[in-house]
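J.: Pasting a predicted model and its sequence here:
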Protein chains: 2
Amino acid sequence: MYPPARPGDPLELVDTPALLIDLDRFEANLKRMSGELAGTSVKLRAHSKTHKSPIIAKMQMDLGAVGICCQKVSEAEIMYQGGVSNILISNQVVGEKKLRRLAALACQTQLMTCLDNRENAADLDSVARSFDTTIDVLVEIDVGAGRCGVAPGADALELIDAVGDLKNLNFRGLQAYQGSAQHLRTPDERKSAIDFAVACVNKTLSELHSKNIDCPIVSGAGTGTYPLEVESGVYNEVQAGSYIFMDADYARNLDKDGQFISKFEHALYVYATILSAAKQQQAVVDAGLKSLGVDSGLPVMSENDEVDYINASDEHGVLAWQSKNVSYEVGEKVLLIPGHCDPTINLHDWYVGVRNLRGPEPYVESVWPVAARGCVF
Amino acid sequence: MYPPARPGDPLELVDTPALLIDLDRFEANLKRMSGELAGTSVKLRAHSKTHKSPIIAKMQMDLGAVGICCQKVSEAEIMYQGGVSNILISNQVVGEKKLRRLAALACQTQLMTCLDNRENAADLDSVARSFDTTIDVLVEIDVGAGRCGVAPGADALELIDAVGDLKNLNFRGLQAYQGSAQHLRTPDERKSAIDFAVACVNKTLSELHSKNIDCPIVSGAGTGTYPLEVESGVYNEVQAGSYIFMDADYARNLDKDGQFISKFEHALYVYATILSAAKQQQAVVDAGLKSLGVDSGLPVMSENDEVDYINASDEHGVLAWQSKNVSYEVGEKVLLIPGHCDPTINLHDWYVGVRNLRGPEPYVESVWPVAARGCVF
């Protein structure tokens, strides 16, 4: 699929629907996270499942990230091929084909993966041995998200002991990500969830301590909660991803004063064209379910809060408004803030990086592939 | 992205998450639709936005489809390159880049597009003239879906008259698709919606008749309602797409006896692997928001109705059950029926066609690219 614009194009020449980056805000978001962690003992291990771009991963590493996370082996392969060299697969890797590719990659670059199952650990060890390599692993504990991970404490210790017996695996620490806390709306809810996560980590660390097992890494946290994990004193890596772009759903998280959290700004849009304006107080854009992830809600109009995106079908989105001040003509273009950035990005093949999006004469500065789009294996 | 299997592989070697076709059921669905329309004056113009595959489009045409629909110019390009030759873009095409590509394609193959706007018609005419070609168009009328389309009757006639004045456009008929009727649950609701659509078409046809304007084509309908449009006597093309695969949401449509409609069978699955089984009465699969469209509901387990897919995150799905008879081990594979087939298919690069999926020794017979995946332009 060819890109929707060329570097140098004025904004209005960008074909739609296009995944647009506001480069000025995006760069500010990158720097802000770097600043947030400066002077702490916590490193950013940026989650590349958000952006799926080695170009962006390298920008994050240039600003101090210790490495990146991927969710899949195929993503890790793309990141490695793009020049990234310290990769955590923050997920279980199951099945012989994937384990072999993981081991092959571990022979070439610094790589870790997660485990929450003894047989899976034995399979990984066996594949690593056949590749004559050792593989670094984090044991995943469930810190309240109710997804993957063994129970903290004794269960975790049992798996860590089993990993210790496997000669081609190298226990490096804990994966302790509380995914379901990221979008809790109030600071109190998020604090309560992360207090619980920290207690789970501490329970496991004291088991390890009693057995003199070293635990160099405790990794977790996301854009919604990372200040809490940083403050905890037990996490030393945070896995935030969405902070670079933000999305409509993250914008619904509130700060302690009940305001929207605005530390990071929206920097990602789907640029769309009005296809139809045949009805009163309604228009139809060319961006629907195949351009926008709607799992966390429909997109939000960026430039006009009197207009709502009320319905998505495969390739259409219906805009509606009550105000008599609003009208659109066929061919006009609008900026939509996706409900959820990660699945939205995964629908597109290209980023169109726009400089000066909110100033005079916005133009396309960069066109980057969404290199790991579709990497589900 | 390389394919998750090779032809000849046994089912268990298919990497996950994979988009699996039950070839036996799929072929039966294709033939059943052909049989449904045999002996009527209505032709199938199969919607390729469902499958995005010229291979499947040609199977549909071999079984009697008069042509196919696409939703985007870029899809039409892929279909043409794949050997398909009678294409309706069942959508508005807006913007000079797209209009030029449309005209270029119209110089090479039989192509129609839709219009609901006078300025857009003038733009298309102007581009067609610059390509020294004429372009066939359907005027889209809103038959109750509330999306694109001019009002039936006088408004439609006004646009058709305007199209008639444009020398490089050729009015061929009406696009009259009632999209929002497809998933109405009861036969009465669907009948009522399509009765209204038919009235809208008739109102427009009588305006045309009074002006002696010929209207060779009336095109519309989908998998949920096509028997009604066929019976109406006014439609002569139906645009069904989902019938080839069906999905969990279409399975919620009821027939007149209050039963699930079972004329077409589920033939599309996302094949997924259990990643984690660390908790009681719960397991986690490797197929989440980036493998499954969830806009019309979460996926449904194909082989075990005691198990529910209760939560999707980017690359995880949580399965849960109450029954004590259920258990899964890490590495086991399951078949998930997607909530909505079209956006699910658009997430994948490959179809894995399995023969004998429900019999002994199921195996991969075909591996087809989802050739128009990501064709949003």
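T.: Received, thanks.

J.: who touches the one residue in the stretch 51-200 of chain A that gets nearest to chain B in this structure?
T.: Nearest residue of the stretch 51-200 of chain A to chain B, counting by CB to the nearest CB: residue A:148, 4.0 Å away. Quick note: C-beta positions are derived from backbone N, CA and C, even for glycine. Taking CB atoms under 8 Å, 6 or more residues apart in numbering or on different chains as the criterion, residue A:148 is in contact with A:91-92, A:114, A:116, A:140, A:142, B:275-276, B:278, B:284, B:316.

J.: same question, residue A:76
T.: By CB under 8 Å, 6+ apart, the neighbours of residue A:76 are A:70, A:87, A:89, A:102, A:105, A:111.

J.: could you redo the last one with a cut-off of 7 Å?
T.: A:70, A:87, A:89, A:105, A:111 (CB atoms under 7 Å, 6 or more residues apart in numbering or on different chains).

J.: Neighbours of residue A:286, how many?
T.: As a burial measure, residue A:286 scores 29 neighbours (other CB atoms under 10 Å in any protein chain shown).

J.: Which residue ranges of the stretch 251-377 of chain A form helices?
T.: A:341-345 (DSSP state H, counting those that start in this stretch).

J.: For it, which residues are neighbours of chain B?
T.: Within the stretch 251-377 of chain A, the positions near chain B by CB under 7 Å from any CB of the partner chain are A:273, A:275-276, A:278, A:284, A:289-291, A:293-295, A:312-316, A:318, A:330-331, A:342-343, A:346, A:349, A:374-377.

J.: repeat that with 8 Å
T.: Residues of the stretch 251-377 of chain A lying close to chain B (CB under 8 Å from any CB of the partner chain) are A:273-279, A:282, A:284, A:286-287, A:289-291, A:293-295, A:311-316, A:318, A:329-331, A:340, A:342-343, A:346-349, A:373-377.

J.: Ramachandran coordinates for residue A:182?
T.: For residue A:182, the backbone dihedrals are phi -60, psi -30 (criterion: degrees, to the nearest 10).

J.: What is the neighbour count of it?
T.: 22.

J.: From what I see, it and residue A:224 are in contact.
T.: Yes. In this structure residue A:182 lies within contact range of residue A:224 using CB atoms under 8 Å: 3.4 Å.

J.: Identify the contacts common to these two.
T.: By CB under 8 Å, 6+ apart, the residues touching both residue A:182 and residue A:224 are residue A:250.

J.: which one of the contacts of residue A:148 is nearest residue B:65?
T.: Nearest to residue B:65, judged by CB to CB, of the contacts of residue A:148 is residue B:316 at 38.6 Å.

J.: what's the closest one in contact with, if anything?
T.: A:91, A:147-148, B:275, B:284-286, B:288.

J.: do you know how far residue A:21 is from chain B?
T.: From residue A:21 over to chain B the distance is 17 Å, taken as CB to the nearest CB, to the nearest Å.

J.: and that residue, what are its bridge partners?
T.: Assessed by DSSP bridges, residue A:21 has beta-bridge partners residue A:268, residue A:353.

J.: Could you count how many residues lie near residue A:324?
T.: For residue A:324, using other CB under 10 Å, the count is 9.

J.: Is the residue of the stretch 51-200 of chain A closest to chain B in a helix, a strand, or coil?
T.: coil (DSSP: H, G, I helix; E, B strand; the rest coil).

J.: what's the spacing between it and residue B:145?
T.: 42 Å (CB to CB, to the nearest Å).

J.: returning to what we had before: and the contacts of residue B:316, which is closest to residue B:156?
T.: residue B:288 (43.9 Å).

J.: Can you verify my assumption that residue A:159 contacts residue A:121?
T.: Yes. Using CB under 8 Å, residue A:159 is in contact with residue A:121, at 7.1 Å.

J.: joint contacts of those two?
T.: residue A:115.

J.: List the contacts of the residue in the stretch 201-350 of chain A that chain B sits nearest to.
T.: The minimum distance from the stretch 201-350 of chain A to chain B, using CB to the nearest CB, falls at residue A:276 (4.0 Å). Neighbour list for residue A:276: A:283-284, A:330, B:92, B:116-117, B:147-149 [criterion: CB under 8 Å, 6+ apart].
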